[in-house]
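Participant: Provided below are the primary sequence and the corresponding predicted coordinates.
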Amino acid sequence: MQVAALHWQIRELSVPPNPLALGGIGLARFLPLIIFSLIGGTVADTLNRRWIIFVAQSIMAIVAATLAYLTFNGSITIWTIYLLTAIQASAAAFDIPARQALIPNIVSREDLPSAFSMTSIAMNTAAIAGPALGGIVIATLGQGYAYLFNSISFLAVLIALLLIGPVTQDPNNAAGVSLKAVADGFRFIFSKPIILSTMILDFFATFFASANTMMPIVARDILNVGEVGYGWLLSAESIGSVAAGLVMSQIHILRKQGRLLLISVVVFGGATIFFGLSNTFLMATLMLMVLGAADTVSTIIRNTIRQLQTPDHVRGRMTSINQIFFQGGPQLGEVEAGIVAQFFGVPFAIVSGGFLTILSVWFISRKWPQLRTYDGGEPQTEAVPAD
């Protein structure tokens, strides 16, 4: 709901429509990500992961409340939105490594693919309701209430973290927050081509195919739908994601994971192309659903490969480095999409991104052929020992 409100509010504040203003929010997220991600990974491998998440989520709740306050009293500006977005991204840089590294501490290796599928279902079910309700809230109550409701919703997250109780981590978690610990994380990743290739694939796919960035302009200026239609467009991708997550969660043993990953990213790029060519609300919605389903399949497989191939005592650092790829790609992609749209138009920015996504799949499958043959039953590798 908050993401929908942020993009819509930036579109409202930028008159005439300015794609660069929408792209700027990606830069506001990316810079803190680069600065804090690597520190966040070493913190997740050193301190209690559950309490790291608790603190980070508390900061995000305060950011949402601040957005609501500034919007209610009429003092919100684009630059204020950028600043608060940067603060939230800083908290996320600590939250995401701890969150993803915590999951294998809770469930068994055999149940990990299903666990990531259920996580995807939970997140995307909320992502369906959030933007859809966000459009209604913006249209009826106003922007500020979208931020206010988001701030209140963090109470559920904080209570859930308390109810989980103590979670056992690897007793070897003594990495410490240091440059050496960060370097050990990089050494591990670059020694494992199967992990590195999935990270690079993730980056290029999300960098080029940033369709959601231009969604306010697509909704308002191309498809001619209002706030409610805009909310449903944002929800469409998550509807496809939930459907794919439900199917994936019922597959106990998933084989030929590498090939399935590559195919799903090709479908993701193809759906992006057809979304960019859409001139009706129905066509755009259907393509976003296909896009979301393909993205969920690839996300589940990527997460499973990385977590299974990474020992627990380096898992936080692996996730934090990966965060630069899977979070940095979309944020830089928003900037790229804004620049291309400014000069060549929004449809061209979306369609060209889809073509380049498919091209990146071809390149990566040629560069790392072991990704094409990865099955999913390979044993876990050990971390590279520190020098």
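Facilitator: That came through fine.

Participant: all contacts plus neighbour counts: C-alpha atoms, from now on.
Facilitator: Fine.

Participant: could I have the CA atoms of stretch 106-120 written out in CSV?
Facilitator: The C-alpha coordinates for stretch 106-120 follow below in CSV (Å, rounded to 0.1, in the frame of the first residue of the first chain):
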residue,chain,number,x,y,z
ILE,A,106,13.5,-22.7,11.3
VAL,A,107,12.8,-25.4,8.7
SER,A,108,14.5,-28.5,7.4
ARG,A,109,16.5,-28.8,4.2
GLU,A,110,13.8,-30.9,2.6
ASP,A,111,11.1,-28.4,3.4
LEU,A,112,13.0,-25.3,2.3
PRO,A,113,11.6,-25.0,-1.3
SER,A,114,8.0,-25.3,0.2
ALA,A,115,8.9,-22.8,2.9
PHE,A,116,10.1,-20.2,0.3
SER,A,117,6.9,-20.9,-1.7
MET,A,118,4.7,-20.3,1.4
THR,A,119,6.7,-17.1,2.1
SER,A,120,6.1,-16.0,-1.4
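
Participant: and for it, what's in contact with it?
Facilitator: Identification of contacts with stretch 106-120 by Cα atoms under 8 Å, 6 or more residues apart in numbering yields 103-104, 167, 241-242, 245-246, 248-252, 254, 296, 300-301, 303-304, 308.

Participant: with stretch 20-39 instead?
Facilitator: Contacts for stretch 20-39 (Cα under 8 Å, 6+ apart): 7, 10-11, 14, 78, 82-83, 85-87, 89-90, 93-94, 177, 182, 213-214, 317, 320-321, 323-324, 327-328, 330-339, 342.

Participant: make a PyMOL selection of whichever of those turn out to be buried.
Facilitator: To isolate the buried members of these in PyMOL, using 16 or more other Cα atoms under 10 Å:
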select buried, resi 7+10+11+78+82+83+85+86+87+89+90+93+94+177+182+213+214+317+320+321+323+324+327+328+330+331+332+333+334+335+336+337+338+339
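
Participant: for the helix or strand of the chain with the lowest mean pLDDT, enumerate the helices and strands it packs against.
Facilitator: Ranked by mean pLDDT, DSSP states H and E, the helix or strand of the chain with the weakest confidence is helix 315-344, at a mean of 75. With contacts taken as 3 or more Cα pairs under 8 Å, 6 or more residues apart in numbering; DSSP states H and E, helix 315-344 sits against helix 19-44, helix 78-106, helix 179-190, helix 193-208, helix 346-367.

Participant: mind running it again at 6 Å?
Facilitator: Under the contact criterion of 3 or more Cα pairs under 6 Å, 6 or more residues apart in numbering; DSSP states H and E, helix 315-344 touches helix 19-44, helix 78-106, helix 193-208, helix 346-367.

Participant: let me have the ones you listed in JSON lines, extended by distance to Met60 and mean pLDDT.
Facilitator: Below are these laid out as JSON lines (distance: least, Cα to Cα, whole Å; pLDDT from 0 to 100):
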{"stretch": "helix 19-44", "distance to Met60": "13", "mean pLDDT": "78"}
{"stretch": "helix 78-106", "distance to Met60": "5", "mean pLDDT": "87"}
{"stretch": "helix 193-208", "distance to Met60": "24", "mean pLDDT": "84"}
{"stretch": "helix 346-367", "distance to Met60": "30", "mean pLDDT": "89"}
